[in-house]
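S.K.: Sequence and computational prediction follow.
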Amino acid sequence: MTDAPSSAPRGPRVFASDDPKIVDDMSQGGDDDFTPGASDGPLVNPSAKGASIGGVFISAVTGLVGLALAASFAGFVSTALAREDWIGWTATSLAIVAAVTGAVILLREIVGLFRLARLARLKRDAETALRTKDKSLERKTVAALAETLRGRRDLAWSLARLRDHAGDVRDPGELLRLADREVLAPLDAVARRLVLKSAKRVSVVTAMSPMVWVAMLYVAAENLRLLRGLATLYGGRPGGLGAFRIARMVVTHIVATGGVAMTDDLVGQFLGQDLLRRLSRRLGEGVFNGALTARVGTAAIEVTRPIPFLDAEPIRVRDLLPELLRRAGR
């Protein structure tokens, strides 16, 4: 009598590598109990493998195309520079002009980043001097501020008044307040006009643009131009990279202070009055985009201003919206 096959799971077994039974089983097709997925190695998804191969193929083709374009351009330039006729001289002149202008642009970007870092350092020193009542650091900060703005003809009278009255200050914090009143308050008035003009331009272009993407491009360009203008006004003079750095700082500041929600509430409060009945949908969008531009401008002022607001009146969106809406409602 033969025993019935047991249904219990088989335990691990040990075989020698030269066992004839293993060789016979492999030659007859392997173990009948083998099931797909029961191997010791990890499962491989064929579709994922195909997608990975496709990505590698696209990357390789893209790299070859870019390399071919670069080699073609390099070959053209080297061939043109090697010629002794007018084409060679023209190519040489253009290469020199490109190299010089590229170096100038790079140097300007580096200098602009250093100037922005200097404004940030001035603000940190001013806040530290106010917090610790350090008169030595306060005088050093005001002297650095005057050096940063030195040579500005629009601030010659303000800087002269700062020098004349600096010796009369005795209490901690008063010298920074004097600089805030005499030097930065006039700049704040100019900054307010810059922000209001940009907000008005954004409102008009958004309301009159027939295509949304054109309005979006203009709004982005106008906001970057406003950021560079405000930083230049306060002594930064950034380049393209500096403008993007200010934009990142402004976005961080707006998110931290909840400025977008506040602007939305203020616009809704104003538009909820009689002006809402007089505005069309496109004009309402223009006013809202203008209000957001004003919020970006006021945040840029707080970010790029070399010392915090002390005696000068801060520039707020709620102070700019009435005039913006009054112009839009006409």
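M.R.: Perfect, thanks for sending it.
S.K.: Please identify the helix or strand for the nearest residue to residue 82 once chain neighbours are set aside.
M.R.: Distances taken as Cβ to Cβ, 6 or more residues apart in numbering put residue 88 closest to residue 82, at 6.7 Å, once the chain neighbours are dropped. Glycine gets a C-beta too; all of them are placed from N, C-alpha and C. Counting by DSSP states H and E, the secondary-structure element that holds residue 88 is helix 86-132.
S.K.: so residue 249, which of the three states?
M.R.: Of the three states, residue 249 takes helix according to DSSP: H, G, I helix; E, B strand; the rest coil.
S.K.: what separates it from residue 230, distance-wise?
M.R.: Look at residue 249 and residue 230: by Cβ to Cβ, to the nearest Å, they are 12 Å apart.
S.K.: okay, these two: which has more neighbours?
M.R.: Summary of the neighbour comparison: residue 249 and residue 230, criterion other Cβ atoms under 10 Å, with residue 230 having more neighbours (28 against 18).
S.K.: Touching, that one and residue 191? I think so.
M.R.: Yes - A contact is recorded between residue 230 and residue 191 when judged using Cβ atoms under 8 Å, the distance being 5.7 Å.
S.K.: confidence score at the most centrally placed residue in the chain?
M.R.: Among the residues of the chain, residue 248 comes closest to the average C-alpha position under Cα atoms, centre = their mean, at 3.6 Å. According to the per-residue confidence, residue 248 scores 84 in pLDDT.
S.K.: distance of the residue nearest to residue 92 when sequence neighbours are not counted from residue 95?
M.R.: Counting by Cβ to Cβ, 6+ apart, the nearest residue to residue 92 once its immediate chain neighbours are dropped is residue 81, at 5.8 Å. Applying Cβ to Cβ, one obtains 7 Å for the distance of residue 81 from residue 95.
S.K.: one step back: who touches both of residue 230 and residue 191?
M.R.: Any residue near both residue 230 and residue 191 by Cβ atoms under 8 Å, 6 or more residues apart in numbering counts here, and that gives 297, 301.
S.K.: picking up where we left off before, where's the residue nearest to residue 92, which helix or strand?
M.R.: Using DSSP H and E, the secondary-structure element containing residue 81 is helix 46-82.
S.K.: Also residue 201?
M.R.: Of the helices and strands defined by DSSP H and E, residue 201 is found in helix 185-208.
S.K.: And residue 283, by the same measure?
M.R.: helix 281-304.
S.K.: Residue 160 now?
M.R.: Going by DSSP H and E, residue 160 is in helix 156-166.
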